[in-house]
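Asks: Sequence and predicted structure are below.
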Amino acid sequence: MIKVLDVYRSLLRRISEFENCSEFASLLIVLILQDLPVGEEVAIREWEKPYLCHYTLDRLFSFSIFTARVLSVGDPVHHTNGTTQKCM
């Protein structure tokens, strides 16, 4: 799990230079595991940047849905029905 988050943080750091992703990426970089060591930086070709941005944000969205379902109280089968209990 920590390795996955480190990869996301590294990818978000790399896409933070993109104009349309920079604000979102900078917020996430601050929030996601600030104390982990930074992975190796890899040069990105210009034509890969939009694809990398879309891919990373799509994976992060999927990961957040997965995490919310795993950490949510109640039966995961019924999570989409809005029947989960709320913690008090």
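Replies: Structure received.
Asks: When you work out contacts or count neighbours from here on, use the C-alpha atoms and nothing else.
Replies: Noted.
Asks: What spatial separation is found between L57 and R9?
Replies: Applying Cα to Cα, to the nearest Å, the value for L57 to R9 is 11 Å.
Asks: quick one: which of those two has more around it?
Replies: The residue with more neighbours, out of L57 and R9, is R9; 25 against 19, by other Cα atoms under 10 Å.
Asks: Check which helix or strand the more buried one maps to.
Replies: Taking DSSP states H and E as the criterion, R9 maps to helix 2-15.
Asks: What's the mean pLDDT across that helix?
Replies: What helix 2-15 shows for mean pLDDT is 69.
Asks: what do you get for stretch 46-55?
Replies: Stretch 46-55 carries an average pLDDT of 82.
Asks: List the buried residues in it.
Replies: 52-53 (16 or more other Cα atoms under 10 Å).
Asks: same deal with stretch 56-73?
Replies: Using 16+ other Cα under 10 Å as the test for burial, stretch 56-73 gives 56-57, 69.
Asks: Among those residues, which ones are in helices?
Replies: Secondary structure defined by DSSP state H assigns 56-57, 69 of the buried residues of stretch 56-73 to helices.
Asks: Export the buried residues of stretch 56-73 as JSON lines, with columns for distance to F63.
Replies: Listed next are the buried residues of stretch 56-73 as JSON lines, based on distance: Cα to Cα, whole Å:
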{"residue": "T56", "distance to F63": "10"}
{"residue": "L57", "distance to F63": "10"}
{"residue": "R69", "distance to F63": "10"}
